[in-house]
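Peer 1: Take a look and give me a structure for this.
(2 chains)
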Amino acid sequence: MQDFALLRHITIGQYLPGDSFVHRMDPRAKITEVLLLSLALTVNTSYLANILLLALCLGLIRAAGISLRYVLSGVRPALPFIIALSLMQLAFYGNPSVTSRLPVITFLRWGPIFITSSGLQLVLVSLARFVDLMILASILTNTTPLAHLAYGLEDMLKPFGRLGVPAQEISLIFILALRFVPILAEQLETLAKAQASRGADIGAGGRWRFWRTARAMLVLIVPLFLDAFRRAEELIVAMEARCYAGGRGRTRLVQLRMGRADGIAILICALLAVGFIWFRKSFPF
Amino acid sequence: MNGTDKLVRRVVTAGVLAAIAILLGATRLGFIPVPTPAGNATIMHVPAILGGIMEGPAVGGVIGLVFGIFSFFQATIPMFKDPFVAILPRIFIGITAWLAYVALRRLNEYLALVVSAAVGTLTNTVLVLGMAVWRGYMAPGVALTVGITHGLPEIVVAVIIVVAVVSAWKGLARRRHARL
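Peer 2: Model (predicted):
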């Protein structure tokens, strides 16, 4: 009942204005670099590679001028769950396919519980990878306005247009979605207040009374969908009245420009990614 | 309805439903607490199912993609910071829901809605957990338990929402036409 002000909780990809080198980079360059580094992250399972990548990410976040505390602040509510999941992973996953040169040591084997050094490595590496990806995702969304991200995405998809990928439409969908979130959040708030004033017990029920919670939720969610469809109909009429006919031949106010620094940054990230992927089995530990 | 008409409708529907998926995640309204270790059953995939049913596989797929990207960026547990788990499986939710709907629509509209909501939900549960096992985040036994304890309530809730929303919307649309 206490959470009527739903808008306040939305902090997705909050853009933090700034003037760092990372802020000034072209969104296309940033997307490419994040993709390259994420790829390098997901294939490396050795300790050393992950330590190096973690250091790299910490360096990047410094360069972007974002505080690590801010990036990790979203994790706090999920911490008990993360710990529980990690412990389960550690206890029951003794024989994972981790490529390591270290000998596998069995710490404990008792019934279904099977704890080995490679299981421990898997847990530690997935935690490190999680922090790394958290940082990379934050760097992308905290230093780039959402509209620029969408434009970047559109320009990157454009070459695939010949294969039938509607680049402009996809980026328009992203922009529409992000634009509609606050509008629908406001509507949701109104609905919650309306239902509560009629005696609906929103948010009650708790963990053990699943059906009650679910039923309370339905009186909000079904009207929310119907309202969204009504707004969609209005927008369709408005767009048709303005002769929107798809992305073909459309021009844009904001034109993105790649500088030399963007090119160099992409090159460095590409070399790093290739290096980490190529030598993923050669790290000593 | 000509080609452009359909295009505008698809783009707008996809955008609005994707916004609901994001909203359900950001406000935690899309998570229904259940008494299992993983904590919550989700209904964030329902917009993708609805998109697939109402506007076809492309729209359903794109909504799933937005939902996946959002859950990847918003993830607070390691498993969902892996694009193979968070993003890839979600694209298929709307597509399988659409397939089920189209296959059964001629038989009975309601049956088609029920089955496609269940199929879409199962796609989410099975593919995400399957990917989680394949990528080594979960032991197969744990994944199976999570799948059953979460999958069943999720299917029931998804079916109720999909049937309620689609039948209400179609009813409204019919009434509006009658008045014109």
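Peer 1: Now do the strands in the chain.
Peer 2: Looking at chain A here, since you left the chain open. Counting by DSSP state E, chain A has strands at residues A:106-110, A:113-116.
Peer 1: my bad, the chain I had in mind was chain B
Peer 2: B:31-33, B:40-42.
Peer 1: All the helices of chain A, residue numbers only.
Peer 2: Using DSSP state H, the helices found in chain A span residues A:21-24, A:27-43, A:47-64, A:68-72, A:79-92, A:117-142, A:146-157, A:167-197, A:210-241, A:260-278.
Peer 1: Would you mind putting these into JSON lines with distance to chain B alongside?
Peer 2: Using the backbone N, CA and C atoms, a C-beta is placed for each residue, glycine as well. Shown next, in JSON lines, are the helices of chain A (distance: least, C-beta to the nearest C-beta, whole Å):
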{"stretch": "helix A:21-24", "distance to chain B": "17"}
{"stretch": "helix A:27-43", "distance to chain B": "6"}
{"stretch": "helix A:47-64", "distance to chain B": "12"}
{"stretch": "helix A:68-72", "distance to chain B": "10"}
{"stretch": "helix A:79-92", "distance to chain B": "4"}
{"stretch": "helix A:117-142", "distance to chain B": "4"}
{"stretch": "helix A:146-157", "distance to chain B": "10"}
{"stretch": "helix A:167-197", "distance to chain B": "3"}
{"stretch": "helix A:210-241", "distance to chain B": "4"}
{"stretch": "helix A:260-278", "distance to chain B": "15"}
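Peer 1: just so I know, which of those helices lies nearest B:Trp169?
Peer 2: The closest of the helices of chain A to B:Trp169 is helix A:210-241. By C-beta to C-beta, the value is 5.5 Å.
Peer 1: The closest one - contacts with which helices or strands?
Peer 2: helix A:167-197, helix B:3-26, strand B:31-33, helix B:46-55, helix B:140-179 (3 or more C-beta pairs under 8 Å, 6 or more residues apart in numbering or on different chains; DSSP states H and E).
Peer 1: and the nearest residue to B:Thr125 once chain neighbours are set aside, what is it in contact with?
Peer 2: Leaving aside its chain neighbours, B:Thr125 sits nearest to B:Gly151 (4.3 Å; criterion: C-beta to C-beta, 6 or more residues apart in numbering or on different chains). With contacts defined as C-beta atoms under 8 Å, 6 or more residues apart in numbering or on different chains, B:Gly151 is in contact with B:121-122, B:125-126.
Peer 1: that older thread, most tightly packed of the helices and strands packed on helix A:210-241?
Peer 2: Highest mean neighbour count of these: helix B:46-55, a mean of 30 (counted as mean count of other C-beta atoms under 10 Å in any protein chain shown).
Peer 1: tilt between that helix and helix B:140-179?
Peer 2: Angle of helix B:46-55 versus helix B:140-179, following axes from the mean of the first three to the mean of the last three C-alpha atoms, to 10 degrees, is 40 degrees.
Peer 1: what separates helix B:46-55 from the chain centre, distance-wise?
Peer 2: 7 Å (C-alpha atoms, centre = their mean, to the nearest Å).
Peer 1: ok so, going back, any chance of JSON lines for the helices and strands packed on helix A:210-241, columns mean pLDDT and distance to A:Pro145?
Peer 2: Below are those laid out as JSON lines (pLDDT from 0 to 100; distance: least, C-beta to C-beta, whole Å):
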{"stretch": "helix A:167-197", "mean pLDDT": "84", "distance to A:Pro145": "11"}
{"stretch": "helix B:3-26", "mean pLDDT": "85", "distance to A:Pro145": "17"}
{"stretch": "strand B:31-33", "mean pLDDT": "70", "distance to A:Pro145": "29"}
{"stretch": "helix B:46-55", "mean pLDDT": "93", "distance to A:Pro145": "25"}
{"stretch": "helix B:140-179", "mean pLDDT": "81", "distance to A:Pro145": "33"}
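Peer 1: Among the ones you listed, which comes closest to A:Ser67?
Peer 2: Nearest of those to A:Ser67, taken as C-beta to C-beta: helix B:3-26 at 21.7 Å.
Peer 1: Return the alpha-carbon coordinates of that closest one using CSV.
Peer 2: Coordinates of each C-alpha in helix B:3-26 appear next as CSV, following Å, rounded to 0.1, in the frame of the first residue of the first chain:
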residue,chain,number,x,y,z
GLY,B,3,0.6,-2.0,-45.9
THR,B,4,1.5,1.3,-44.2
ASP,B,5,-1.5,1.1,-41.9
LYS,B,6,-0.3,-2.3,-40.7
LEU,B,7,3.2,-1.0,-40.3
VAL,B,8,2.2,1.9,-38.0
ARG,B,9,-0.1,-0.4,-36.0
ARG,B,10,2.7,-3.0,-35.5
VAL,B,11,5.3,-0.4,-34.5
VAL,B,12,3.0,1.4,-32.0
THR,B,13,1.7,-1.8,-30.5
ALA,B,14,5.2,-3.2,-30.1
GLY,B,15,6.3,0.0,-28.5
VAL,B,16,3.4,0.3,-26.0
LEU,B,17,3.5,-3.4,-25.0
ALA,B,18,7.3,-3.2,-24.5
ALA,B,19,6.7,-0.2,-22.3
ILE,B,20,4.4,-2.3,-20.1
ALA,B,21,7.0,-5.1,-19.9
ILE,B,22,9.6,-2.5,-18.7
LEU,B,23,7.1,-0.9,-16.3
LEU,B,24,6.2,-4.3,-14.7
GLY,B,25,9.9,-4.9,-14.1
ALA,B,26,10.8,-1.5,-12.9
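Peer 1: That concludes my questions; thank you for your assistance.
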